[in-house]
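Colleague: Fold the following, please.
(4 chains)
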Protein chains: 2
Amino acid sequence: MARATVQDVAKTAGVSVGTVSRVLNGSPAVSASSREKVAGAIRELNYRPLASARDLRRDRTMRILALAKNLESPVISEAFRGVGDAAAQSGYVSLIAPTAGSPDREKQLVDMLRNGSVDGLVLFSPTMPDDDVEALATSLSVVQLCEIAESEAAFGVSIDDRQAARDITRHLIGTGARRLAMIGNRAARSGRLREQGFREALSEAGLEAAQSLFAAGDFDFHAGRQLTRELLAADHLPDAVFCGSDTVAAGCVREITDAGFRVPEDLAVAGFDDSIQAEMCVPELTTIRQPAYEMGRVAFGALLERMTEPGVHRRGRMFLPHELVIRESTKN
Amino acid sequence: MARATVQDVAKTAGVSVGTVSRVLNGSPAVSASSREKVAGAIRELNYRPLASARDLRRDRTMRILALAKNLESPVISEAFRGVGDAAAQSGYVSLIAPTAGSPDREKQLVDMLRNGSVDGLVLFSPTMPDDDVEALATSLSVVQLCEIAESEAAFGVSIDDRQAARDITRHLIGTGARRLAMIGNRAARSGRLREQGFREALSEAGLEAAQSLFAAGDFDFHAGRQLTRELLAADHLPDAVFCGSDTVAAGCVREITDAGFRVPEDLAVAGFDDSIQAEMCVPELTTIRQPAYEMGRVAFGALLERMTEPGVHRRGRMFLPHELVIRESTKN
DNA sequence: CAAGATTTTGGAATCGATTCCAAACACTCC
DNA sequence: GGAGTGTTTGGAATCGATTCCAAAATCTTG
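Modeller: Predicted coordinates:
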């Protein structure tokens, strides 16, 4: 049995295709009796309107796509939940796909916007240059989330990474730290901003960075361990380490502890993101909480505006407030 | 400037729409000169074939969708990577969407298969009853991954959860444990199988379960802590705890350690999944490694078969070999 | 009950790409 | 040169749902 079409339904119900379509779309210009006959036929034939035909005629899909490097990141996952809930409220389906940092994979997925497979795109961690993002955003519906371009040509939502890093570094200094090191991620724009904030807080206090280490590849638990090993090999140890993520901070704490030092007594460690890792770590990590869910909702709002009001093109960046979460990994 | 169509390209290139389409689809029946003219026009107009029109005509989308409760799970994430890589090799785009355990959300997403928005579906953690999965699978392209139905009506790939739980429990017994407890997840089929395996290993050894605790809501770090608190409140403590996931095991270890006991000396703890949590935990966790990536590849293979060969309908379950990974959280 | 207003209906045109068919064209080889 | 073969092309039909328009049916109301 092949798939039923609107024609089949019309025949079975004894009405025209126009009427079937009107029932399908809840048009008020249908008599109760027709509505019932059509409903019956739909049930009988187990009919579903074919998406591609509907999309073609309507010129929209009611689907959006999010792209992220990986899906495991709790911040991305939570932000996407915000996107998804907001989208659902407006009748959109939201999907996500990992790019694994591959430009080719990313191109293929961005093409889904270009060829109308989806109506909008949420970019979490683009591998493409900012210029490309902006070019995309001028003609199509795109918003950036978490990891956003510096220029104001496109629209993006995030926290103020520089300020957040400054806040947490100030806190470290406030607890008495004087030789501060950082383990950062220069591969990500947010990572570079966090580095900047770190340095700003230091110079405010008239201090210099003890050490700055940056991951070459992934920015994960193992990288945190590896870089901390290098840190601990130095002649003069730092008394605090600011890490660009909780996971890396967990690796850092682990390595410090294994080397026989105590956190926070010998070295304080701060993380970033307030993911579950921050609580799993012993001692629990001082970190920065991002309002990821809310960021996702806001991002979808902007995307919706872009998708439905053709003239409007919101630009610029929107920063939502972060929060310093103080736990045992930093002295107080 | 509105979107360019195949008509526009034809006009600009000075050929017919047929020729444009043939160029687009790499048909050999096109002269080099036409091919060049069309390529030029496509570039000039920045043309992309509209997905909905193509999909309508071709009656397939070259897209598949995976559904999972949440995306953060490392096993799901890794298995989906396997699906995605295999899919890409066959020219398919793979997307994923979280259901958040909501049947409504799940229905909406499953409808994407029903209405032809995607060609196939990978179900990681269905909330719908097995019967519904089977009904779906009889007429449409669906495979189950990780969390699979007991019946053989549909096709699913996973490890043998029962056997794996039996293996790790035997290992615990082998290290000298006699009072074994478990913290499980009866909400998931795999969780129930793991419980079964646990009990089988016990009775093999002529032992009885000291305690069995099951999460009411989420099966996460906090649940692990909470349930372990209950465990430790008992008169007579167990000497080993088998946990249904690494994350829960990490919570378990944390609670035990906080209570002043030592792992594994006072209590041994075993996890499941061999996620990064297993390595982050102190002590590192003995656990079961799932070949998630490979499972994903195999699942896509079956799905592809189902999508492309209309007659074929593979059924049954396929178990890939798991591996017992012994670390410090269990004595040896 | 007729004229007019309103509701409901059928059916054709449409969206944009693909594909099939027949026609046009270009070769080859005697 | 012309019959025969093979290549390339244009254009119409098609996929299935939506929407517009005009016609039909129904309802008002004097």
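Colleague: where does the residue of the stretch 201-332 of chain A found nearest DNA strand C land in three-state SS?
Modeller: Of all residues in the stretch 201-332 of chain A, A:Pro310 sits closest to DNA strand C, at 14.7 Å by Cβ to the nearest atom of the strand. C-beta coordinates here come from the backbone N, C-alpha and C atoms, glycine included. Assigned with DSSP: H, G, I helix; E, B strand; the rest coil, A:Pro310 falls in the coil class.
Colleague: And it, what's its pLDDT?
Modeller: Here the pLDDT value assigned to A:Pro310 is 74.
Colleague: Quick check: it vs chain B, distance?
Modeller: Distance of A:Pro310 to chain B, computed by Cβ to the nearest Cβ, to the nearest Å: 11 Å.
Colleague: residues near that residue, how many?
Modeller: Using other Cβ atoms under 10 Å in any protein chain shown, the number of residues around A:Pro310 comes to 8.
Colleague: Enumerate the residues of the stretch 51-200 of chain A near DNA strand C.
Modeller: A:53, A:56-57, A:59 (Cβ under 7 Å from any atom of the strand).
Colleague: So which of those are in helices?
Modeller: Assigned to helices by DSSP state H, the following of those qualify: A:53, A:56-57.
Colleague: quick one: which of those residues is nearest to B:Arg178?
Modeller: The shortest approach to B:Arg178 among those belongs to A:Ala53, at 65.6 Å (Cβ to Cβ).
Colleague: Not counting sequence-adjacent ones, nearest residue to the closest one?
Modeller: What sits nearest to A:Ala53 in space, not counting adjacent residues and going by Cβ to Cβ, 6 or more residues apart in numbering or on different chains, is B:Leu56, at 5.2 Å.
Colleague: related to what we said a few turns ago, looking at the residues of the stretch 51-200 of chain A next to DNA strand C, which has the most residues close by?
Modeller: Result: A:Leu56 is most packed of these (other Cβ under 10 Å), 19 neighbours.
Colleague: residues contacting that residue?
Modeller: Listed by Cβ atoms under 8 Å, 6 or more residues apart in numbering or on different chains, the contact partners of A:Leu56 are B:50, B:52-53, B:56.
Colleague: so can I have CSV of those residues showing distance to B:Leu140 and pLDDT?
Modeller: Converted to CSV, the contacts of A:Leu56 look like this (distance: Cβ to Cβ, whole Å; pLDDT from 0 to 100):
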residue, distance to B:Leu140, pLDDT
B:Leu50, 25, 98
B:Ser52, 20, 98
B:Ala53, 23, 98
B:Leu56, 18, 98
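Colleague: how about the residues you listed, which pair is most distant?
Modeller: Using Cβ to Cβ, those span at most 9.5 Å, a distance reached by B:Leu50 and B:Leu56.
Colleague: shaky segments in chain A?
Modeller: Chain A contains residues with pLDDT under 70 at A:1, A:332.
Colleague: residue boundaries of the strands in it?
Modeller: A:63-68, A:93-98, A:120-123, A:142-145, A:155-159, A:180-184, A:211-214, A:240-243, A:268-270, A:287-289, A:316-320, A:323-325 (DSSP state E).
Colleague: For chain B, which of those strands is the nearest?
Modeller: strand A:93-98 (4.2 Å; Cβ to the nearest Cβ).
Colleague: And that closest one, what does it pack against?
Modeller: strand A:63-68, helix A:74-89, helix B:74-89, strand B:93-98, helix B:103-114 (3 or more Cβ pairs under 8 Å, 6 or more residues apart in numbering or on different chains; DSSP states H and E).
Colleague: can you give me how far the first one is from the chain middle?
Modeller: Averaged C-alpha coordinates place strand A:63-68 at 10 Å from its chain's average position (Cα atoms, centre = their mean, to the nearest Å).
Colleague: which outside residues touch that strand?
Modeller: If you take Cβ under 8 Å, 6+ apart as the criterion, strand A:63-68 is touched by A:76, A:80, A:83, A:87, A:92-99, A:106, A:109-110, A:112-113, A:117-126, A:145, A:300, A:303, A:307, B:95, B:117.
Colleague: could you flag which of these are buried?
Modeller: Neighbour counting over those (16 or more other Cβ atoms under 10 Å in any protein chain shown) leaves A:76, A:80, A:83, A:87, A:92-99, A:106, A:109-110, A:112-113, A:117-126, A:145, A:300, A:303, A:307, B:95, B:117 as the buried ones.
Colleague: Can you pull up the most central residue in chain A?
Modeller: Nearest to the geometric centre of chain A sits A:Ile76, at 3.7 Å (Cα atoms, centre = their mean).
Colleague: ok, so what distance separates it from A:Ser158?
Modeller: If you measure A:Ile76 against A:Ser158 using Cβ to Cβ, to the nearest Å, the figure is 12 Å.
Colleague: Just give the nearest non-adjacent residue to the residue nearest to the centre of chain A, would you?
Modeller: Spatially, and ignoring its direct neighbours in sequence, A:Ile76 is nearest to A:Ala68 (4.9 Å; Cβ to Cβ, 6+ apart).
Colleague: Can you get me a residue count around the one you found?
Modeller: Residues lying near A:Ala68 (other Cβ under 10 Å) number 26.
Colleague: bridging residues for it?
Modeller: Beta-bridge partners recorded for A:Ala68 (DSSP bridges): A:Pro98.
Colleague: what's the neighbour count on the nearest residue to A:Ile42 once chain neighbours are set aside?
Modeller: Ranked by Cβ to Cβ, 6+ apart and with sequence neighbours excluded, the top spatial neighbour of A:Ile42 is A:Val9, at 5.8 Å. Residues within reach of A:Val9, counting by other Cβ under 10 Å, total 26.
Colleague: correct me, but A:Val9 touches A:Ala41?
Modeller: Yes - counting by Cβ atoms under 8 Å, A:Ala41 is a contact partner of A:Val9 at 4.7 Å.
Colleague: contacting residues around the residue nearest to A:Ile42?
Modeller: Here A:Val9 is in contact with A:20, A:38, A:41-42, A:45, A:47 (Cβ under 8 Å, 6+ apart).
Colleague: ok, A:Asp119 to DNA strand D distance?
Modeller: Taking Cβ to the nearest atom of the strand, to the nearest Å as the criterion, A:Asp119 is separated from DNA strand D by 15 Å.
Colleague: quick one, phi/psi of that residue?
Modeller: Main-chain torsions, A:Asp119, degrees, to the nearest 10: phi -90, psi -20.
Colleague: Now for A:Thr247: which residues touch it?
Modeller: Counted by Cβ under 8 Å, 6+ apart, A:Thr247 has contacts A:219-221, A:224, A:275, A:277.
Colleague: Mind doing that once more with 10 Å?
Modeller: Residues counted as contacts of A:Thr247 (Cβ atoms under 10 Å, 6 or more residues apart in numbering or on different chains) are A:72-74, A:218-224, A:271-273, A:275, A:277-278, A:280-281, B:276, B:280.
Colleague: With A:Ser77 instead?
Modeller: Going by Cβ under 10 Å, 6+ apart, A:Ser77 touches A:68, A:70-71, A:96, A:275, A:292, A:296, B:70-73, B:77, B:98.
Colleague: And these, which is closest to DNA strand C?
Modeller: Nearest to DNA strand C among the contacts of A:Ser77 is A:Ile96, at 26.0 Å by Cβ to the nearest atom of the strand.
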